[in-house]
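# build me a model from this:
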Amino acid sequence: MIDKFIDTAAAAVADIHDGATVLIGGFGGAGMPTELIHALIDQGARELTVVSNNAGNHETGLAALVKAGRVRKVICSFPKASHSWVFDDLYRRGRIELECVPQGTIAERLRAAGAGLGGFYTPTAYGTELARGKETRVIDGRGYVFEKPLHGDFALVKAELADRWGNLTYNKSARNFGPVMCMAARTAIAQVRATVGLGELDPECVVTPGIFVKRVVTVANPAFSS
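Below is the predicted model:
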């Protein structure tokens, strides 16, 4: 019998290893799997490469993971904001690496990984510093940059509902990067507000099919309401 429910967040992240690439969903606070991240801090994995939309807000969730010294490198679109002082301080002191990727490009690199593609050409960043060292070509008179897929060892995402097969629904904008990250990771772990029985989710409302999800843990009262 397929049953992907895990009793605790600690058990769900127990096998995340040192040096892993971890994809973390969220757009600001929306869709940030805060409880899974704090369980990862307690678990102790180090030298992580984190892929996320931004580099953490305030001193909770991803920012707390960065502050704890567990992250070697961040791959993100928005590393700097008025409330992202933790990453900013460490980066200025040379304590953490950054790969800045345009938002649409990072989403498409994740999707390419999940779809089994070898990469794609995009006009975004052509002729800029972000294209340095990458293959470029002109197609029909327009310049393009070749971008490679972005795979993860693990994905930590926040969803709304799940059944025991791992089918997921999301709450509005909390959906953001969750679906493509689940597809791009070898092991996708979801925290959800509630679970339901098989057949209770309308198939038309399932955004992430369970085939892409390895573990599900219930967090009835998450730190963020999204």
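# can you tell me how far His151 sits from Arg142?
His151 sits 28 Å away from Arg142, going by C-beta to C-beta, to the nearest Å. C-beta: built from backbone N, CA, C; applies to glycine.
# name the residue in those two with the higher neighbour count.
Remark: of His151 and Arg142, His151 carries more neighbours, 16 against 10, as counted by other C-beta atoms under 10 Å.
# just checking, the more buried one touches Met183?
No. Counting by C-beta atoms under 8 Å, His151 stays clear of Met183, with 10.2 Å between them.
# what sits in contact with each of these two?
Listed contacts common to His151 and Met183 are Ala113; contacts here mean C-beta atoms under 8 Å, 6 or more residues apart in numbering.
# report the helix or strand with the lowest average pLDDT across this structure.
In the chain, no helix or strand scores lower on mean pLDDT, DSSP states H and E than helix 85-92, which sits at a mean of 90.
# contacting residues around that helix?
With C-beta under 8 Å, 6+ apart, helix 85-92 has contacts from 55-56, 59, 63-64, 66-67, 74, 79-80, 96, 98.
# and the residues you listed, which are buried?
55-56, 63-64, 66-67, 74, 79, 96 (16 or more other C-beta atoms under 10 Å).
# buried residues in stretch 68-76?
Using 16+ other C-beta under 10 Å as the test for burial, stretch 68-76 gives 70-71, 74-76.
# between those residues, which sits nearest His17?
His17 has its nearest neighbour among the buried residues of stretch 68-76 in Arg70, at 12.0 Å by C-beta to C-beta.
# helices or strands next to whichever strand or helix holds Phe154 in the packing?
In this structure, Phe154 sits in strand 152-162 according to DSSP states H and E. When contacts are defined as 3 or more C-beta pairs under 8 Å, 6 or more residues apart in numbering; DSSP states H and E, strand 152-162 sits against strand 21-24, helix 34-43, strand 168-169, helix 178-184, strand 185-195.
# as CSV, the buried ones among the contacts of helix 85-92 with distance to Thr169, secondary structure and pLDDT would be great.
Output for these, formatted as CSV (distance: C-beta to C-beta, whole Å; DSSP: H, G, I helix; E, B strand; the rest coil; pLDDT from 0 to 100):
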residue, distance to Thr169, secondary structure, pLDDT
Ala55, 28, coil, 89
Gly56, 26, coil, 85
Ala63, 27, helix, 93
Ala64, 27, helix, 94
Val66, 30, helix, 95
Lys67, 32, helix, 95
Val74, 29, strand, 97
Pro79, 30, coil, 87
Ile96, 34, coil, 95
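# reformat the residues you listed as JSON lines; add distance to Ala45.
Formatted as JSON lines, the buried ones among the contacts of helix 85-92 follow (distance: C-beta to C-beta, whole Å):
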{"residue": "Ala55", "distance to Ala45": "18"}
{"residue": "Gly56", "distance to Ala45": "16"}
{"residue": "Ala63", "distance to Ala45": "17"}
{"residue": "Ala64", "distance to Ala45": "14"}
{"residue": "Val66", "distance to Ala45": "13"}
{"residue": "Lys67", "distance to Ala45": "15"}
{"residue": "Val74", "distance to Ala45": "15"}
{"residue": "Pro79", "distance to Ala45": "21"}
{"residue": "Ile96", "distance to Ala45": "16"}
